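Engineer: Provided below for reference: sequence and predicted model.
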Amino acid sequence: MSVTTSELLTISSVGQRLFTLELPQMASFACSEVVRVVPEKRVVCRGAWNSQSVYAKLFMGRDAQHYALRDKSGVESLKLTAIKTPDLLAESEIKDGYVLIFSEIADAQNAEQVYQLANFEQRSQLAKALVLAVAQHHNANLIQTDLYLKNFLVQGEKIYTLDGDGIRKYAGLSQQQALKNLCVLLSKFDVLEIENWLPGLLKTYAEARGWQMAPDAELIKKMTNAHRQKAASNYADKKVFRQCTDVAVYRDSQVFTAVSSDFLDLDLPQTSQKLDSLVTSQNLLKNGNTCTVAKVEINHQSIVIKRYNIKSFWHGVSRALRQTRAATSWANAHRLKLLDIPTANPIALIEERKFGLRGRAYFLCEYINAPDAAQFFASRAGKVSRAETIKNIITLFYKFYLLKISHGDTKATNIKIVNHQPVLIDLDSMTQHAFASSALKGHVRDLRRFMRNWQDDQALYNAFIKTFKVIYADHTPLKMAGILQNTK
């Protein structure tokens, strides 16, 4: 089916239907897959043009030509300095838009895909290769302002830089600018992995830049953590509440709905009445004054509906102008996914609205069909299995410590165990702290609450203490929580 530029504006998510775009004075482009969408601004598609496999960037709107030519300029800057990037094959103005067509790099994956599938050693090698690529940018006085792993292609041992729109050229790139940019890249890796890799990566970067000394590791760690925290906040507290590649948003005077793009095919109820009709006495998981939790089936998908109730008129007044607890759960689920920490996949946020005021709210997520931590350790799991699970739980706690995040309710029922890995649920009390002091206090509270789960099992209690000592490089929170003093 042939489409017009105005019809392209309606494409709002990845995986849209196939289409053909007629291009002036050249062969048409046939889209086979929509791979990225910036609503009403840009669509990136994979397809065919002139009998070649290509990627097309379709820019739309009033500033389409400006952004397209800026992308083209960035690609030219990369090419001039011999930095690998896909060839720009063609460009064309279209009605109310602009198109750039790039060659497809055969047998390549973006670095995020490679990273997610790799083991620890392979991830380390990938991180080194990407640091070398960024050093090459900096040697050429170039900065990639949109440093996401998705903006690099990996083909064997070759790294290709994508997204010319994010490339900026400097007459003379300062060391401070370069290191700040390097920290953006480092923030995309797992926080514990960077703890292990950082000295080697900084040595690699310094050698590639021709520097006599590597940058100060503690300063780089601090800068990296600050950027990671800022990026997580911008994404989870802002981006997932508006239309974007990952989320589809619908709103009117009565309701606000946000749905994760991966679940747009589900026939989700869009009103509180329809949601409430799914909650029955047979599928209740929890029925409290402040929230009601039920497990339902929609299109053969097991889903948890968590409804946050309004207890009284005055409770409704107090909640009307604040972010709902459902919205907090929605934001925190996306925060954890961005930080590569296992949690139930967020599906939807639905809030009642009246005159702009918030009423009842619903958070929908995947149901995790697995035992919680208490059930797991109460079972007859083998010694090796128990030890591996304990190590993974404590590693998760240490990640939270490094990330300045507190969960707020670390009872055993809020930690599911899937293949010996902890999966966190019940995120409406979770907080990403801006200050180290409040983060430390929150983490100590989490530790104390967690250890109360095991007070009646001396062997398990001591096994956790032993593992805490090994995993935590910094014992400060353990001492504050009384974990190191209270061995039974």
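Structural biologist: The structure has been received and is ready for your questions. This is a predicted model, so every value here is computed, not measured.
Engineer: burial check on Q125, number of neighbours?
Structural biologist: 11 (other Cβ atoms under 10 Å). From N, CA and C alone the C-beta is placed, and that goes for glycine too.
Engineer: now Y362
Structural biologist: The burial count for Y362: 25, using other Cβ under 10 Å.
Engineer: what about the strands in the stretch 51-200 of the chain?
Structural biologist: Taking DSSP state E, counting those that start in this stretch, the strands of the stretch 51-200 of the chain run over residues 52-60, 88-94, 97-103, 109-110, 142-144, 152-155, 158-161, 167-169.
Engineer: in a markdown table: these, plus mean neighbour count.
Structural biologist: Compiled in a markdown table, those are given as follows (neighbours: other Cβ atoms under 10 Å):
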| stretch | mean neighbour count |
| --- | --- |
| strand 52-60 | 21 |
| strand 88-94 | 16 |
| strand 97-103 | 22 |
| strand 109-110 | 16 |
| strand 142-144 | 23 |
| strand 152-155 | 21 |
| strand 158-161 | 19 |
| strand 167-169 | 19 |
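Engineer: so which of these gets nearest L268?
Structural biologist: L268 lies closest, by Cβ to Cβ, to one member of the strands of the stretch 51-200 of the chain: strand 52-60, at 28.3 Å.
Engineer: and the closest one with strand 97-103, angle?
Structural biologist: Strand 52-60 runs at 160 degrees relative to strand 97-103, counting by axes from the mean of the first three to the mean of the last three Cα atoms, to 10 degrees.
Engineer: strand 52-60 vs strand 88-94, what angle?
Structural biologist: Going by the same axes, to 10 degrees, strand 52-60 makes 40 degrees with strand 88-94.
Engineer: and strand 52-60, average pLDDT?
Structural biologist: Averaging pLDDT along strand 52-60 gives 93.
Engineer: give me the contact list for it.
Structural biologist: 5, 8-9, 21, 29, 31, 35, 40-49, 65, 67-68, 71, 86, 89, 96-104, 106 (Cβ atoms under 8 Å, 6 or more residues apart in numbering).
Engineer: change it to 7 Å
Structural biologist: 5, 8-9, 29, 40-48, 67-68, 71, 89, 96-104 (Cβ atoms under 7 Å, 6 or more residues apart in numbering).
Engineer: check stretch 363-373 too.
Structural biologist: 295, 302-306, 326, 329-330, 333, 344-349, 379, 393, 412-413, 415-418, 423, 425.
Engineer: same deal with stretch 122-142?
Structural biologist: Outside of stretch 122-142, the residues within contact range by Cβ under 7 Å, 6+ apart are 77, 81, 83, 111, 114-115, 118, 143-144, 152, 159, 161, 167, 169-170, 172-173, 178, 181-182, 185, 189, 193, 197, 201, 204-205, 208-209.
Engineer: just the buried residues of these.
Structural biologist: Neighbour counting by 16 or more other Cβ atoms under 10 Å classes 77, 83, 111, 114-115, 118, 143-144, 152, 159, 161, 167, 173, 178, 181-182, 185, 189, 193, 197, 201, 204-205, 208-209 among the contacts of stretch 122-142 as buried.
Engineer: list the ones among the contacts of stretch 122-142 that fall in helices.
Structural biologist: 77, 111, 114-115, 178, 181-182, 185, 193, 197, 201, 204-205, 208-209 (DSSP state H).
Engineer: of those, which is the nearest to A439?
Structural biologist: So of these, ranked by how close each gets to A439 (Cβ to Cβ), first place is E193, at 20.4 Å.
Engineer: ok, that closest one - contacts?
Structural biologist: R123.
Engineer: ok, it to Q432 distance?
Structural biologist: For E193, the distance to Q432 equals 20 Å [Cβ to Cβ, to the nearest Å].
Engineer: swap in E366?
Structural biologist: From E366 to Q432 the distance is 22 Å (Cβ to Cβ).
Engineer: ok, now Y401?
Structural biologist: From Y401 over to Q432 (counting by Cβ to Cβ), the distance is 13 Å.
Engineer: neighbour-wise, which of these two wins?
Structural biologist: Y401 (25 against 20).
Engineer: can you tell me, leaving aside adjacent residues, what's nearest to the more buried one?
Structural biologist: Sequence neighbours aside, H443 is the residue nearest to Y401 in space, at 5.1 Å (criterion: Cβ to Cβ, 6 or more residues apart in numbering).
Engineer: likewise for Q270?
Structural biologist: Leaving aside its sequence neighbours, Q270 is closest to T257 (6.1 Å, by Cβ to Cβ, 6+ apart).
Engineer: and the residue sitting nearest the centre point of the chain, how far from N234?
Structural biologist: The residue lying closest to the centre of the chain (Cα atoms, centre = their mean) is L338, at 1.8 Å. L338 is 10 Å from N234, where distance means Cβ to Cβ.
Engineer: joint contacts of these two?
Structural biologist: Common neighbours of L338 and N234 (Cβ under 7 Å, 6+ apart) do not exist.
Engineer: contacting residues for T204?
Structural biologist: Taking Cβ under 7 Å, 6+ apart, one finds K128, V131, L132 in contact with T204.
Engineer: tell me how many other residues surround the second one.
Structural biologist: Put plainly, it is V131. 21.
Engineer: got it, and the first one?
Structural biologist: Applying other Cβ under 10 Å, we find 16 other residues in the vicinity of K128.
Engineer: now do it, the pLDDT please.
Structural biologist: 97.
Engineer: and for F363?
Structural biologist: 95.
Engineer: same question, L349
Structural biologist: L349 is given a pLDDT of 95.
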